[in-house]
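>>> no FASTA, just this:
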């Protein structure tokens, strides 16, 4: 019996049709006109402009390693003023897995300046290039262009060879400065099938797609079963095979600069960008291999992983821990005990992971672990205690949106725990010691997560179910010099409580008080704190303070603003329109309430009106004020009741903030009798 084995493709004998099209840029051909350019007419405020960004990716074959992606790029940028100098700091990301890594080649970087009406070149030296390890899979090659001045033009050219065919080079059409032309060309043999999708709010101006027949030489080697088993040499033959190569071209012109707006999540979700995902491969005489399958297949992959489901269901050593910890008749009490056990015994090392790097016993011995090791350990303990629990894959806020139409593991970067109680999901994360059990870290609040289960995958909502809240209360006496004196109390909940606890812990009590007083221009004589480490209660701080920035004296008149905390000086939403959603992260509430004693010999001459107004479907503001004898009683309540506002809701949100800013600026007028 004989088996015919396809061993290697030794050469692609093709004339790439894309080469017939002239590239939009040639390295080194910078013109005097480009150097004389003083501004970009379509954005005269721009400190720099991308004159051209051109990229090309094509599949090549290496006799030893197989197919690889060859990516080439030429970038040309014009600098207008000193604010644009930072764009001369460049970086190139290189991906790696274990010993396999992407390879950077032919790096060239040149700055061009105009001197005496002649173009002078400054070439980057090799010692200006350095590498920076971002994480275990990503390294950045960084460098700065030399001799950058106002009016300079610089160019960067390089190529990257990648064996990771599933990691096809994406393309950004937009950056933080405007772009005159951005073009990307791609050549893909029929054996590779990629899903391609655009994101962002910039349309593609030019798009082409064509195909061409090409040929490839394939070497076959015939071996009998015995020859194959022993590794004996065999006869080989070469065959020419026809195949189809697909060519794609995308171009955008006069792309506006991407400008981050207030309250945005990961900007990478919004820039104009072309993304590639490997759907499947199918080679001659070989079965199809799927890369984009279904969420059911993703679920199966994790259930079969020793570093995931094996970690969840293994570690018999934990049985004793459960027996001595989960001793209550109340199952939620047992869950709380086990949750606290994990937080007390394993410190998060800061790494976002979906798989455990070590076994549970080693993690407990080392007392440190990544996010997967900590939260999968929590699932493990819950299950051993008879609690229904499952891991949930998520994409953190800095990792970007999940696109549910693309069942890809690469969309996730983190795992949390779901505890099922009375048919509802209780989502937990034991990595952050400054948060109570029922509050997920803010980094996790990113729409939905995929729950991995033997019953099949399911999506769970991970939007916040609580609001952050700060209540400021005071009892102050005003004097004739405009100073306010008395106790000011802060009580915080949710992420507000977490932030104050972290600051208090990091700075220490003395520095925390000094910083608070400095930020507000207060003089603090004495401070007391409660519940700064007890996560089951809201932290509380009371400061005996003198406040001198909230009143102005003008002859016989005192102008006083009663809102001593949380006042908005200006509207953060200044643009007439909004391109991207407004993302607050979580709902929040700010309350300031108190009493101010009027100075002896003064009366209230003018008092702001009590007023309230709503943000339909998303918030409200109320301002209440009255005089009771010689005491002014005041309450301000500002509420944003949902985390996300669409572009269509922007105008209403902006106007709401305008009204709040105007109302909060109003003052009480006191006059001498």
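Great, that's in hand. Worth saying up front: this structure is predicted, and the values here are computed from it rather than measured.
>>> list the contacts of residue 571.
654, 657-658, 661 (Cβ atoms under 8 Å, 6 or more residues apart in numbering). For the C-beta atoms, the positions are set from N, CA and C on the backbone; glycine is no exception.
>>> neighbour-wise, which one of the residues you listed leads?
For the contacts of residue 571, counting by other Cβ atoms under 10 Å, the largest number of neighbours falls to residue 657: 22 neighbours.
>>> make TSV out of the contacts of residue 571 and add secondary structure and pLDDT.
Shown next, in TSV, are the contacts of residue 571 (DSSP: H, G, I helix; E, B strand; the rest coil; pLDDT from 0 to 100):
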residue	secondary structure	pLDDT
654	helix	96
657	helix	97
658	helix	97
661	helix	97
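>>> pick the one among these closest to residue 149.
Closest approach between the contacts of residue 571 and residue 149, by Cβ to Cβ: residue 654, at 39.9 Å.
>>> chain neighbours aside, what residue packs nearest to the most centrally placed residue in the chain?
Nearest to the geometric centre of the chain sits residue 398, at 1.5 Å (Cα atoms, centre = their mean). In space, and not counting its chain neighbours, residue 398 is closest to residue 266: 5.5 Å by Cβ to Cβ, 6 or more residues apart in numbering.
>>> averaged pLDDT, stretch 526-533. What do you get?
Across stretch 526-533, the average pLDDT comes to 96.
>>> got the contact list for that stretch?
500-501, 504-505, 509, 513, 537-544.
>>> among those, which ones are buried?
For these, a burial check counting by 16 or more other Cβ atoms under 10 Å picks out 500-501, 504, 513, 538-543.
>>> now render these as JSON lines, adding distance to residue 562, secondary structure and pLDDT.
Putting those into JSON lines (distance: Cβ to Cβ, whole Å; DSSP: H, G, I helix; E, B strand; the rest coil; pLDDT from 0 to 100) gives the following:
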{"residue": "500", "distance to residue 562": "23", "secondary structure": "helix", "pLDDT": "95"}
{"residue": "501", "distance to residue 562": "28", "secondary structure": "helix", "pLDDT": "95"}
{"residue": "504", "distance to residue 562": "27", "secondary structure": "helix", "pLDDT": "96"}
{"residue": "513", "distance to residue 562": "23", "secondary structure": "helix", "pLDDT": "96"}
{"residue": "538", "distance to residue 562": "24", "secondary structure": "coil", "pLDDT": "95"}
{"residue": "539", "distance to residue 562": "25", "secondary structure": "coil", "pLDDT": "96"}
{"residue": "540", "distance to residue 562": "22", "secondary structure": "strand", "pLDDT": "97"}
{"residue": "541", "distance to residue 562": "20", "secondary structure": "strand", "pLDDT": "97"}
{"residue": "542", "distance to residue 562": "19", "secondary structure": "strand", "pLDDT": "98"}
{"residue": "543", "distance to residue 562": "17", "secondary structure": "strand", "pLDDT": "97"}
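>>> check contacts around residue 271.
So residue 271 contacts 172-175, 199-200, 258 (Cβ under 8 Å, 6+ apart).
>>> which of those residues fall in strands?
Taking DSSP state E, the ones among the contacts of residue 271 that sit in strands are 172, 199.
>>> which among the contacts of residue 271 gets closest to residue 326?
Nearest to residue 326 among these, with distances taken as Cβ to Cβ, is residue 199, at 45.8 Å.
>>> which residue is the nearest non-sequential neighbour of the closest one?
residue 273 (5.1 Å).
>>> that older thread, wasn't the residue nearest to the centre of the chain part of a strand?
No. Using DSSP: H, G, I helix; E, B strand; the rest coil, the assignment for residue 398 is coil, not a strand.
>>> could I get the buried residue list for stretch 247-267?
For stretch 247-267, by 16+ other Cβ under 10 Å, it's 247-252, 255-258, 261, 263, 265-266.
>>> any chance of those residues in CSV, with secondary structure, pLDDT and distance to residue 564 too?
Below are the buried residues of stretch 247-267 laid out as CSV (DSSP: H, G, I helix; E, B strand; the rest coil; pLDDT from 0 to 100; distance: Cβ to Cβ, whole Å):
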residue, secondary structure, pLDDT, distance to residue 564
247, strand, 95, 66
248, strand, 96, 60
249, strand, 97, 60
250, strand, 97, 55
251, strand, 97, 56
252, strand, 97, 50
255, strand, 96, 46
256, coil, 95, 41
257, coil, 95, 39
258, coil, 93, 38
261, coil, 87, 29
263, coil, 91, 25
265, coil, 83, 32
266, coil, 80, 35
